[in-house]
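Undergrad: below: sequence and its predicted model.
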Amino acid sequence: MFHHLPEYAELTETPVGWAPRLPRHWGLERGKSLFERVQREPLDSDGVVTCFRDGVVTLRSRRRSTGFTESLKEIGYQGIRKGDLVIHAMDAFAGAAGVSDSDGKGTPVYSVCVPRRNANPNYYAAVVREMARSSWILALSKGVRERSTDFRFEMFGAQLLPVPTPAEQAAIVKYLDHANARIERAISAKRRLVDLLDERKAAVAAEAIRNIDATSRELRHVLRKLVDCEHKTAPYVEDGESWILRTASVKRGKIDWSGAYPTNAEAYKAWTQRAVPAPGDVIFTREAPVGEAAVIPAGRKVALGQRTVLMKVRGEVMNPQFLVHQIYYGLPKGRIALATQGSTVEHFNMDDIGWMRVTVPELAEQERVVAEIERASRKSDDAIAKTQREISLIQEYRTRLVADVVTGRVDVRAIAARLPDAPEMFDELDLILDDKLEDALGEHLEE
């Protein structure tokens, strides 16, 4: 399905910056000729529909219920119906465009579009996302804030868009549905393997922490300073020399730089007025999600993003990495769960954080436990890193494949004609994959 995809016989030059060559028989039309924007009154029974950056447009309740900004008054909300093309005006640059899988209502920042003639909403959702991937949308507008654009319907409507025949649009959508199903299944299998490896690491760390016999103290007594973040978003600045650590930057006890973003010296100064994060400090997430933590490494100047807290640890009392292990596997874990239990939006206030109790053995014992956990987890860490690299390669391949198919660099009509009408569920294969995961886990750890 993925090998030796044929090319179209004839291509022609176009004035479209993000698609400079298209199949000769494809047309070009403005977005406003293909779609019209509709503004319906929502129904009382409508749930809230969200347009996510991965192109999924669905009822919020189907995906997650925390981490959203809640509107007390749904002023200007509009009706959205299954099959509508939905474009997020402020986040289209990041890929927030797709076809709704549900009836519901959405914020007025969405452009809700229906086809005028034979335009296939699923094909044109892929087109908008390709415009985003190529940074075309980002370049179209000066924007209202850094790394964002005001890509409203008027701007979408003014764009020249490729127009394959209706049959080709349907073939492209069908092919991509099947390709995405297969690729997502492969990614899911690898993510399950990562989860198993993480569970093994967690068991090792939890056992080491549980076996410590020492007194406990309130967290605030082992810190020199506990600092809340600025409650506003720092600007994104391309080629900035400092980095904003957001909640997405703190995962599984480590800093994930793919979730951080650069900013300039002016913003760095403003966002570090309360405290300058330094190597050896601990960053903690207190909302969406609660309870992730990591030691800040050397090598980059960083500042706190929203919903994070900085812990400046008293090094003579507490090893920072030992503190992180406790947050995940020790006394703080239960306190975090208790503080957020029953909350609609998980949130941990500063007092709750400072009053958490932590075990405080002798510093030498802390260092011994940290070394023991690191030694026992090394093979799992290497296997996780390898698997995550494989996931990244698969995702990069999918991105390139979608771009080639949507812009007519490859011809998928013959392949699509041989595919069933809907992607197979592969339930049997999924069961086989589940059975093989333990074997794969062992193989990774033996390498």
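TA: Now that the structure is in, tell me what you want to look at.
Undergrad: which secondary element of the protein has the worst mean pLDDT?
TA: Lowest on mean pLDDT, DSSP states H and E among the helices and strands of the chain sits helix 427-446, with a mean of 47.
Undergrad: okay, now the unreliable bits of the stretch 151-300 of the chain?
TA: For the stretch 151-300 of the chain, no stretch is flagged by pLDDT under 70.
Undergrad: would you list every one of the strands in it?
TA: 160-163, 216-218, 223-228, 242-245, 250-251, 254-255, 261-263, 282-286, 290-295 (DSSP state E, counting those that start in this stretch).
Undergrad: which among those strands is found nearest to Gly408?
TA: Comparing the strands of the stretch 151-300 of the chain against Gly408 with C-beta to C-beta, the closest turns out to be strand 160-163 (6.8 Å). (C-beta placed from N, C-alpha, C; glycine too.)
Undergrad: distance from the chain centre to that closest one, please.
TA: Taking C-alpha atoms, centre = their mean, to the nearest Å, one finds the center of strand 160-163 at 29 Å from the center of the full chain.
Undergrad: what of stretch 357-376?
TA: 32 Å.
Undergrad: tell me which residues in that stretch are buried?
TA: Within stretch 357-376, the residues scored as buried using 16 or more other C-beta atoms under 10 Å are Arg357, Val358, Thr359, Val360, Pro361, Glu365, Gln366, Val369, Val370, Ile373, Ala376.
Undergrad: would you confirm that the fourth one contacts Leu219?
TA: No. Under the contact definition of C-beta atoms under 8 Å, Val360 does not touch Leu219, with a separation of 9.9 Å.
Undergrad: how many residues are close by Ala181?
TA: For Ala181, the neighbour count with other C-beta atoms under 10 Å is 15.
Undergrad: what of Ala298?
TA: When neighbours are defined as other C-beta under 10 Å, Ala298 has 7 of them.
Undergrad: helices of the chain, start to end?
TA: Applying DSSP state H to the chain gives helices spanning 31-34, 60-63, 121-133, 136-140, 153-158, 166-210, 265-271, 320-329, 331-340, 350-355, 363-406, 413-418, 427-446.
Undergrad: nearest to Pro20, of those?
TA: That would be helix 136-140 among the helices of the chain, by C-beta to C-beta, at 11.4 Å.
Undergrad: quick one: mean pLDDT for that closest one?
TA: Helix 136-140 shows a mean pLDDT of 90 in the predicted model.
Undergrad: identify each buried residue in it, please.
TA: Applying 16+ other C-beta under 10 Å to helix 136-140 flags Trp136, Ile137, Leu138, Leu140 as buried.
Undergrad: now stretch 16-24 - C-alpha only, CSV.
TA: Provided in CSV are the C-alpha atoms of stretch 16-24 (Å, rounded to 0.1, in the frame of the first residue of the first chain):
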residue,chain,number,x,y,z
VAL,A,16,0.2,28.4,-5.5
GLY,A,17,3.2,28.8,-3.3
TRP,A,18,2.7,25.7,-1.2
ALA,A,19,1.8,23.5,-4.2
PRO,A,20,3.9,24.9,-7.1
ARG,A,21,3.2,21.9,-9.3
LEU,A,22,0.0,20.0,-9.7
PRO,A,23,-1.4,17.4,-12.1
ARG,A,24,-2.2,19.1,-15.4
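Undergrad: count of neighbours near the closest residue in space to Val412 that isn't next to it in sequence?
TA: With sequence-adjacent residues excluded and distances taken as C-beta to C-beta, 6 or more residues apart in numbering, Val412 is closest to Tyr175, at 4.1 Å. Neighbour count of Tyr175, defined by other C-beta under 10 Å: 21.
Undergrad: mind putting the strands of the stretch 151-300 of the chain into JSON lines with distance to Asp411?
TA: Output for these, formatted as JSON lines (distance: least, C-beta to C-beta, whole Å):
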{"stretch": "strand 160-163", "distance to Asp411": "14"}
{"stretch": "strand 216-218", "distance to Asp411": "66"}
{"stretch": "strand 223-228", "distance to Asp411": "56"}
{"stretch": "strand 242-245", "distance to Asp411": "43"}
{"stretch": "strand 250-251", "distance to Asp411": "40"}
{"stretch": "strand 254-255", "distance to Asp411": "43"}
{"stretch": "strand 261-263", "distance to Asp411": "38"}
{"stretch": "strand 282-286", "distance to Asp411": "47"}
{"stretch": "strand 290-295", "distance to Asp411": "45"}
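Undergrad: now for the ones you listed, which one comes closest to Lys201?
TA: Closest among the strands of the stretch 151-300 of the chain, using C-beta to C-beta: strand 254-255, at 11.3 Å.
Undergrad: could you check how far Arg40 is from Arg217?
TA: 58 Å (C-beta to C-beta, to the nearest Å).
Undergrad: if anything else comes up later, I'll come back, but that's it for now.
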